[in-house]
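Participant: Got a predicted structure plus its sequence, pasted below:
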Amino acid sequence: MFRRAAFDIGSNQHKLVIADVDGNRVKRILFSMQEQVLLQQGFLSSGGDSIPLQTLDRSMDVLRRFKGICSSEFSVPVECMSGIGTAVFRKARNGAEYLNQVRRELGIRLSLASQDEEARIGFLTAVALHGGDSDTIASWDAGGGSFQLADSNMNYFLGPCGDSDVCETLVSRIRRARFEPGSSVNPVSLDEVNAVIEDIRARISQQLTLGKPPQWLANKQVVSFGFLTSAFRICTDVAGNPRFEPAQLRRELQRLVGKNDEQIQSELNATSPHPRQDPYPEVGMALPKIALMLSV
């Protein structure tokens, strides 16, 4: 049995998991944590060119702290630390070079995951969580810079946007305002939500054959997953149940439109099946996240 540390350097969140593994099986998870690093929002604020240097500095600080936890608290050698970078590093001009910098300075083995690889990893995660017949499910993995749907035959739909893109669309395209990374978009009107949904669906339809959903998704149970800040988690909180239908989510959305961060937090606290000790970390992005779910 070996001790490993896995780094998920995502477009909005950096995650660390430390576990004892036996072969390809996780025997015991020892530690996990995540830190918000708004790489995708910084990338979008730069006009979709590069990730700003101050955002990369924040990322490096978090990864250095993660490595320190691995080494000092759990005795994980650096050769047993590895991870992946996701959507924002594929898009940003300086994304791949930053991952190389992390390798050089911290010694962590990192690779840049393709969106196909993200979809495959997402499906394997969904199968592990679901525990049933893998042929009956489709996975849905959504992040800050992209989303993926996949099934057991490795059919993929690779979504063109993530929740940070939706926030930028709301502020820049619909409100015609300057997009500021990390700023709350609340309050959001129902008309704005509908405009965002229309925009996302137009983007998705450009990737569909004849504008129709993939046939392989028919009659599949969709299994989604994510940590505290995921779009799926906030939809669970709004619906009051980890199983929800689009119509229910649309109805519950009415409680959140036109409200500020504090009021939305109060609504989430009232319905969440997972009571929180701390406020929802990304309440300022709540409605764009729900709009993305309804669009798909």
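Facilitator: Sure, I can see it.

Participant: longest helix anywhere in this protein?
Facilitator: helix 53-74 (DSSP state H).

Participant: Now do the buried residues in stretch 11-20.
Facilitator: For stretch 11-20, a neighbour-count test (16 or more other CB atoms under 10 Å) marks Ser11, Asn12, Gln13, His14, Lys15, Leu16, Val17, Ile18, Ala19 as buried. From N, CA and C alone the C-beta is placed, and that goes for glycine too.

Participant: From what I see, Ser164 and Phe147 are in contact.
Facilitator: No - taking CB atoms under 8 Å as the definition, Ser164 is not a contact partner of Phe147, at 11.7 Å.

Participant: and the closest residue to Gly122 other than its chain neighbours, bridged to which residues?
Facilitator: Nearest residue to Gly122, sequence neighbours excluded (CB to CB, 6 or more residues apart in numbering): Asp141, at 3.3 Å. Under DSSP bridges, the beta-bridge partners of Asp141 are Gln148.

Participant: what's around Asp141, how many residues?
Facilitator: As a burial measure, Asp141 scores 24 neighbours (other CB atoms under 10 Å).

Participant: For it, give me its contacts.
Facilitator: By CB atoms under 8 Å, 6 or more residues apart in numbering, Asp141 lies in contact with Glu118, Ala119, Ile121, Gly122, Thr125, Ala126, Phe147, Gln148, Ala150, Ser224, Phe225, Gly226.

Participant: Including neighbour count, could these go into JSON lines?
Facilitator: As requested, the contacts of Asp141 are arranged in JSON lines below (neighbours: other CB atoms under 10 Å):
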{"residue": "Glu118", "neighbour count": "23"}
{"residue": "Ala119", "neighbour count": "26"}
{"residue": "Ile121", "neighbour count": "18"}
{"residue": "Gly122", "neighbour count": "23"}
{"residue": "Thr125", "neighbour count": "15"}
{"residue": "Ala126", "neighbour count": "22"}
{"residue": "Phe147", "neighbour count": "28"}
{"residue": "Gln148", "neighbour count": "23"}
{"residue": "Ala150", "neighbour count": "26"}
{"residue": "Ser224", "neighbour count": "23"}
{"residue": "Phe225", "neighbour count": "17"}
{"residue": "Gly226", "neighbour count": "18"}
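
Participant: Just put those in JSON lines and tack on pLDDT, distance to Ile290 and secondary structure.
Facilitator: Output for these, formatted as JSON lines (pLDDT from 0 to 100; distance: CB to CB, whole Å; DSSP: H, G, I helix; E, B strand; the rest coil):
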{"residue": "Glu118", "pLDDT": "92", "distance to Ile290": "22", "secondary structure": "helix"}
{"residue": "Ala119", "pLDDT": "92", "distance to Ile290": "23", "secondary structure": "helix"}
{"residue": "Ile121", "pLDDT": "92", "distance to Ile290": "25", "secondary structure": "helix"}
{"residue": "Gly122", "pLDDT": "91", "distance to Ile290": "20", "secondary structure": "helix"}
{"residue": "Thr125", "pLDDT": "89", "distance to Ile290": "22", "secondary structure": "helix"}
{"residue": "Ala126", "pLDDT": "90", "distance to Ile290": "21", "secondary structure": "helix"}
{"residue": "Phe147", "pLDDT": "94", "distance to Ile290": "14", "secondary structure": "strand"}
{"residue": "Gln148", "pLDDT": "94", "distance to Ile290": "19", "secondary structure": "strand"}
{"residue": "Ala150", "pLDDT": "95", "distance to Ile290": "22", "secondary structure": "strand"}
{"residue": "Ser224", "pLDDT": "89", "distance to Ile290": "13", "secondary structure": "strand"}
{"residue": "Phe225", "pLDDT": "81", "distance to Ile290": "17", "secondary structure": "coil"}
{"residue": "Gly226", "pLDDT": "79", "distance to Ile290": "13", "secondary structure": "coil"}
